[in-house]
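Chemist: Need a 3D model of the following:
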Amino acid sequence: MRFNLRPALVLQAFALLIVCGYFCSAPIKTALDVVGGLKLHYGYAYSALATCVFGGLVPYAVLTFAGRIPRQRRVAELAFYALLWLWKGVEVDALYRAQAVWFGEGSGVATITLKALVDQFVYVPLWAAPSQVLLFTWKDAGFSLAGTRAAFQRQALAQRVLVVMFSTWVVWLPAVAIVYSLPSALQVPLFNLVLCFWCLLMSFISREA
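Modeler: Here you go, the predicted model:
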């Protein structure tokens, strides 16, 4: 949590500036509305492809350039990042749509709070954190089930999930509150910007471990 705190604050300030720009600057609002229009027109396809780019391809390119991905694993890891975040884009879009149905599309404090709580204290501990730990541990074990089991013998799954959950909350609890303050069409695009940072952070933490 201490490791994540400073970059998390920078990221959250960036996200907040985007939201403030949307509500206070006509040019920024116009530009973001164009992106929102693409999201509305292409729906889940937009979410899948945009999340793949921001969550998968950009971090993959940075990690490759930094020499963090061994040459012999580059194709496998490219496929991993691309497929994982294609699916996650659809998954998160579905979560946002469901919450809009459950709690409405307003931007009041009560609505944003309910959405953020469900996002971070239901979706994250029950699905997002465990699935992410399993998949990234499998990747770091060279896509080997035996290596994955050995990794969990060195550090239990529950302990790894707890670490990821606390790290997630530092970055994402304020960030999703900011995301949910935007109109529904712009929530996935802002999520993608936060996600790009988060994937880089998780990948470097995972690789160091």
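Chemist: Helices of this protein, residue ranges please.
Modeler: Shown for the chain, the helices assigned by DSSP state H span residues 2-24, 26-42, 44-51, 58-65, 74-103, 109-118, 129-140, 145-154, 157-180, 184-208.
Chemist: Mean neighbour count and mean pLDDT for those helices - can I get that in JSON lines?
Modeler: From N, CA and C alone the C-beta is placed, and that goes for glycine too. As requested, those are exported to JSON lines (neighbours: other CB atoms under 10 Å; pLDDT from 0 to 100):
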{"stretch": "helix 2-24", "mean neighbour count": "15", "mean pLDDT": "82"}
{"stretch": "helix 26-42", "mean neighbour count": "14", "mean pLDDT": "93"}
{"stretch": "helix 44-51", "mean neighbour count": "20", "mean pLDDT": "97"}
{"stretch": "helix 58-65", "mean neighbour count": "17", "mean pLDDT": "87"}
{"stretch": "helix 74-103", "mean neighbour count": "17", "mean pLDDT": "95"}
{"stretch": "helix 109-118", "mean neighbour count": "16", "mean pLDDT": "96"}
{"stretch": "helix 129-140", "mean neighbour count": "18", "mean pLDDT": "93"}
{"stretch": "helix 145-154", "mean neighbour count": "12", "mean pLDDT": "94"}
{"stretch": "helix 157-180", "mean neighbour count": "19", "mean pLDDT": "90"}
{"stretch": "helix 184-208", "mean neighbour count": "20", "mean pLDDT": "79"}
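Chemist: Got the phi and psi for Gly67?
Modeler: phi 80, psi 20 (degrees, to the nearest 10).
Chemist: Start the count at 539 instead of 1 going forward.
Modeler: New numbering, starting at 539: the last item is Gly605.
Chemist: what pLDDT does it get?
Modeler: pLDDT for Gly605: 82.
Chemist: Next, count neighbours for it.
Modeler: A count of nearby residues for Gly605, using other CB atoms under 10 Å, gives 8.
Chemist: before we move on, what about Gly581?
Modeler: 14.
Chemist: and it, what is it in contact with?
Modeler: Residues in contact with Gly581 (CB atoms under 8 Å, 6 or more residues apart in numbering) are Asp631.
Chemist: Could you measure from it over to Val628?
Modeler: 10 Å (CB to CB, to the nearest Å).
Chemist: what do you get for Ile566?
Modeler: 28 Å.
Chemist: before we move on, what about Ala667?
Modeler: Distance from Ala667 to Val628, by CB to CB: 19 Å.
Chemist: Repeat that for Val671.
Modeler: 20 Å.
Chemist: Help me confirm that Pro721 comes into contact with Tyr634.
Modeler: No: the criterion here is CB atoms under 8 Å, and Pro721 misses it with Tyr634 at 11.2 Å.
Chemist: Got phi/psi on Gly581?
Modeler: Torsion angles, degrees, to the nearest 10, at Gly581: phi 60, psi -130.
Chemist: In contact with Pro597, which residues?
Modeler: Pro597 neighbours (CB under 8 Å, 6+ apart): Tyr619, Cys734, Cys737, Leu738, Ser741.
Chemist: Thanks again, I'm all set now.
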